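**Student:** Can you look at this prediction? I've put the sequence above it.
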Amino acid sequence: MLLSINWLKEFVPFTGTIQELDDALTMLGLEVEEVIHPFEGIKPMVIGHVVECEKHPEAEKLSVCKVDVGEAELLNIVCGAPNVRKGLKVAVVKVGSEMPDGTKIKKTKLRGIPSMGMICSERELGLSDAHDGIMELPEELVPGASLVESLNLDEVVLDISITPNRADSLSVLGVAREVALAFDLPLTVPEYTLVESGDDCSDEVAIEITDADKCYCYYGRILEGAAIGQSPAWMRYRLVAVGLRPISNIVDVTNYIMMGFGQPLHAFDLDRLDGAKVIIDTAAEGEKFITLDEQERTLKATDLMIKDGSKSVALAGVMGGANSEIHDGSTRIFLESAVFQPASVRRTARRLGLSSDASFRFERGVDQLHCPEAMDRAAAMLAELTGATVRKGICKAEPKPWVAPELQFRPQRCRDLLGVDVDDSFCKATLEKLGCTISGADTADWTVVPPSNRLDYEREVDFIEEVARVYGMDRIEPVLPQVKRTLEARNDDCNEYEFWSLIKRWGCGLGLNEAINYSFVGHADLDLFNLPTDNRITIMNPLSSEQDAMRTELAPGLLQNLRYNLGHGNTGLRLFELAHIFEADESSDTTVRESGRLNILFYGDRFDSAYPRMTSEAEYADIKGCVEHLLAHLHVGEPSFTLAEDHVWLSPAVDVVVGNQKVGTIGRINPVIADAYNAKKDVWFADLDTDELSRLYVASCVKFSSLPVHQSAWNDLTVIAPITLNVQAIFDQVAATKLPLLEKMELIDVFVPEVSEDAEETRNLTFRLTFRHGSKTLKDKDVDKERKKVVKSLESALPVRI
């Protein structure tokens, strides 16, 4: 937003420097991006007095002028403007100076007559679009004086970045409130006097609103006898300074009020409105409408329109229509001031690619309570500038009146959150300066009613933020948090964010790549995974048909990542995703059950193609080892792995169990599903329940012991077992033997020998047993003794041979 400093000073008596204002606004959250001097380009122009004016002897449309610019000699200037004449005060560019567009003025000859400068029109100076003649200046101006100084155009403008939540600052008044707050200055809103005449006209134009959720209120005033013309120079130049193009006195006044007070207005030619009614309703599907920019727009049934008794006359909150615009012959004006639903205006403006200053403000929200006041202020100004009569009464409809919310504020909560000892009186003074009404200020729990211009006040923390803004963010000293933790309680307060961060650091440290996908998938993807339909949540307004449901599993997203990477030549992938899944649950307060999942995907080459001799592909042991490593990292206990029956999208599938609790499943993606994602090799997958892992993590008690000082001893043991025997059964049996010296047991090799057709199919499983004593070095006989216990236990409990 462009802010004129001179305009600002009409609201607040600021006398400081531009840098002080820049710093104060930026610290309050209104970042000043640039300081602009909008009339810098016309500083070389001076005031000229046309002393003589004769027709050019060789050109009928040219005039030869003698112009006094405050120098010893008169300048001889050839001018082609039809309104140039003797005695006129004009804007002159002398030889050697530059025009705003960069053109350098040189001494030249026009039809044989030398010309020593140029007399300018307003368009050539960038002050308006007027180019039907040169600019005529007031007679009292002094020849040779600076044009900028003579017309009070020595203007400074700030380009302020307004965040979407601060719609209240999209006006001079809004920024003035902030300046008054920052410098403890009084805020003065310019007064106006509205004089109404004639009979009450509040029923002459009927206002009908078909949807109160899209148009909260609509006000209109009738003005008669208006004379359309040019706005006064001070208004035109002020609008130019803030980036608006002067058009006519009617349009300029509506723009002036919008920039000054934040309320967009629109003026209709009342004689072009049919049926003495204004209807706020949606468009017909496919309706054609020509806007003020002479472009034909194709509308949708969701677009909100302003209509008269027979046709659409404006896109509500966006732009007026060519069929009802003000023209040179307009005398009767219908002045509109309304509040439209931000989402409705935003949707229409974005779809049509038609952003305007009005839509920019309506999209963010305007002050409903002061909507009629802005209209009255504009009506008073129009009566003064156009000679119009303002009829008595307001045409209005307000199906959704403004209701101020009552919000909680606790000073102690404010101090706790900011870490600053701000007293109650400072909090109270700050909120009152912001326009809030406070009750219960003598208690610990206040009730605060925000002003109608601050739509961003929705909860207590918004007020706390305001206290921090006014106190000064730069005054809040950074302090390291004082955290006292013990080993016994290190996990007691572990929340989801902390736990997930722990897992993400683990995954990245292991060399896995994190995937972040949308929470939306297509029903077709869920069907491909044979997932149930009764727990799905369908999206009413999906981004696309491929994202019309909330995901009930993370696997479809990771398989899509796999397909994308394969299409781009990446043949070895190690991915993980940590996110929520969503399932319909009528027993929940929200009818939705949201739970955390960790999915890990291994596919293809283990090693990069830069190492051609190291050629091997991911297999079951990789995904199993990865999960074991995670569980060891979390210290949740030793896992067991049991074959899962009838898993719908993993085949084979193995359940991961810690203690007696299942924490997930690992296995291979069903080849039919993998093929649908262009995966020609096995896709190994882990699906883990992070909610259950978090509970185990919090409940776990990490035991610490001193580093071993005595050497370990190991012994390899090969077990010949039926191929149908689960390896986990062997681990469980050895664990049940409870050998105090056994430190670790690992499976290091699997061999399946060839057998005859009638023989039982077996496999040789080689385990490495590691033994260690805490106070001495083990001897061979000690290891042999422990090994015999293992052999005896296995042979007695399982159908195996050693």
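**Tutor:** Done, it's in.
**Student:** Which residues does the helix or strand containing Glu384 contact?
**Tutor:** Following DSSP states H and E, one finds Glu384 within helix 371-386. With CB atoms under 8 Å, 6 or more residues apart in numbering as the test, helix 371-386 has contacts from 192-195, 217, 219-221, 223, 226-229, 231-232, 235, 249-250, 253-254, 256-257, 261-263, 265, 333, 335-339, 388-390, 394, 396. All C-beta atoms are positioned from the backbone trio N, CA, C, and that covers glycine.
**Student:** Are any of the residues you listed buried, and if so which?
**Tutor:** 217, 219-221, 223, 226, 228, 231, 235, 249-250, 253-254, 256-257, 261-263, 265, 333, 335-339, 388-390, 394, 396 (16 or more other CB atoms under 10 Å).
**Student:** Of those, which belong to strands?
**Tutor:** Among the buried ones among the contacts of helix 371-386, DSSP state E puts 217, 219-221, 223, 265, 333, 335-339, 389-390, 396 in strands.
**Student:** Max pairwise distance over those: which two?
**Tutor:** For those, the maximum inter-member distance is 27.0 Å, found between Val339 and Thr389 (CB to CB).
**Student:** I figured Val719 hits Thr762, correct?
**Tutor:** No. At 9.9 Å, Val719 does not count as touching Thr762 under the criterion of CB atoms under 8 Å.
**Student:** Tell me who's in contact with Asp585.
**Tutor:** Asp585 is in contact with 535, 591-593, counting by CB under 8 Å, 6+ apart.
**Student:** that older thread, please put the alpha-carbon coordinates of the helix holding Glu384 into CSV.
**Tutor:** The C-alpha trace of helix 371-386 is given here as CSV (Å, rounded to 0.1, in the frame of the first residue of the first chain):
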residue,chain,number,x,y,z
CYS,A,371,-19.6,1.2,6.3
PRO,A,372,-22.4,3.8,6.2
GLU,A,373,-20.2,6.5,7.6
ALA,A,374,-17.8,6.2,4.7
MET,A,375,-20.7,6.5,2.3
ASP,A,376,-22.0,9.6,4.0
ARG,A,377,-18.5,11.2,4.0
ALA,A,378,-18.3,10.5,0.2
ALA,A,379,-21.8,12.0,-0.3
ALA,A,380,-20.8,15.2,1.5
MET,A,381,-17.7,15.5,-0.6
LEU,A,382,-19.6,14.9,-3.8
ALA,A,383,-22.2,17.5,-2.9
GLU,A,384,-19.4,20.0,-2.5
LEU,A,385,-17.5,19.1,-5.7
THR,A,386,-20.3,18.4,-8.1
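**Student:** And for Ile36, the neighbour number?
**Tutor:** 18 (other CB atoms under 10 Å).
**Student:** which residue ranges form the strands in the stretch 151-300 of the chain?
**Tutor:** All strands of the stretch 151-300 of the chain, identified by DSSP state E, counting those that start in this stretch, fall at 157-161, 196-200, 206-209, 215-224, 265-269, 277-282, 288-290, 296-298.
**Student:** Where do the helices of the stretch 701-802 of the chain begin and end?
**Tutor:** Along the stretch 701-802 of the chain, the segments classed as helices by DSSP state H, counting those that start in this stretch run 727-737, 780-797.
**Student:** In the contacts of Asp585, find the pair that's most separated.
**Tutor:** That would be Asn535 and Thr591, which, of the contacts of Asp585, are the farthest apart (CB to CB) at 11.1 Å.
**Student:** higher neighbour count, these two?
**Tutor:** The neighbour comparison of Asn535 against Thr591 (other CB under 10 Å) goes to Asn535, with 14 against 10.
**Student:** The more buried one contacts Ile581, doesn't it?
**Tutor:** No. Checked against CB under 8 Å, the pair Asn535 and Ile581 is beyond contact range at 9.9 Å.
**Student:** Excluding residues flanking it in the chain, which one is nearest the residue nearest the centre of the chain?
**Tutor:** The centroid of the chain falls nearest to Pro164 when counting by CA atoms, centre = their mean (8.2 Å). Nearest residue to Pro164 in three dimensions, chain neighbours excluded: Arg364, at 5.9 Å (CB to CB, 6 or more residues apart in numbering).
**Student:** remind me which residues of this structure are low pLDDT?
**Tutor:** Filtered on pLDDT under 70, the chain yields the residue ranges 483-493, 608-615, 701-705, 756-758.
**Student:** Please parse it into its domains.
**Tutor:** Following automatic domain parsing, one gets these domains for the chain: 2-38+155-183, 40-150, 196-397, 407-475, 496-699, 713-797.
**Student:** Contacts only, for Asp548.
**Tutor:** Taking CB under 8 Å, 6+ apart, one finds 520, 522-523, 538-539, 542 in contact with Asp548.
**Student:** Can you tell me which of the residues you listed end up in helices?
**Tutor:** His523 (DSSP state H).
**Student:** Buried ones among the contacts of Asp548?
**Tutor:** With burial judged by 16+ other CB under 10 Å, the buried subset of these is 520, 522-523.
**Student:** which parts of stretch 229-247 are buried?
**Tutor:** 230-231, 233, 235-242, 244, 246-247.
**Student:** Endpoint to endpoint, that stretch covers what distance?
**Tutor:** One end of stretch 229-247 to the other measures 9 Å (CA to CA, to the nearest Å).
**Student:** could you redo the domains of the chain as a markdown table and give each row distance to Pro481?
**Tutor:** Shown next, in a markdown table, are the domains of the chain (distance: least, CB to CB, whole Å):
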| stretch | distance to Pro481 |
| --- | --- |
| domain 2-38+155-183 | 25 |
| domain 40-150 | 50 |
| domain 196-397 | 36 |
| domain 407-475 | 9 |
| domain 496-699 | 14 |
| domain 713-797 | 39 |
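**Student:** Compare these and give me the one nearest Ser706.
**Tutor:** In terms of CB to CB, the element of the domains of the chain nearest to Ser706 is domain 713-797, at 9.1 Å.
**Student:** so how far does that closest one reach from one end to the other?
**Tutor:** Domain 713-797: ends 26 Å apart by CA to CA.
**Student:** repeat for stretch 140-156
**Tutor:** 25 Å.
**Student:** What values do phi and psi take at the residue nearest to Pro164?
**Tutor:** Here is the backbone geometry of Arg364 (degrees, to the nearest 10): phi -100, psi -10.
**Student:** Touching, it and Leu170? I think so.
**Tutor:** Yes. Judged on CB under 8 Å, Arg364 makes contact with Leu170 at a distance of 6.9 Å.
**Student:** for the closest residue to Asn530 other than its chain neighbours, helix, strand, or coil?
**Tutor:** In this structure, Asn530 finds its nearest non-sequential neighbour in Val648, 4.3 Å apart by CB to CB, 6+ apart. For Val648, the assignment made with DSSP: H, G, I helix; E, B strand; the rest coil gives coil.
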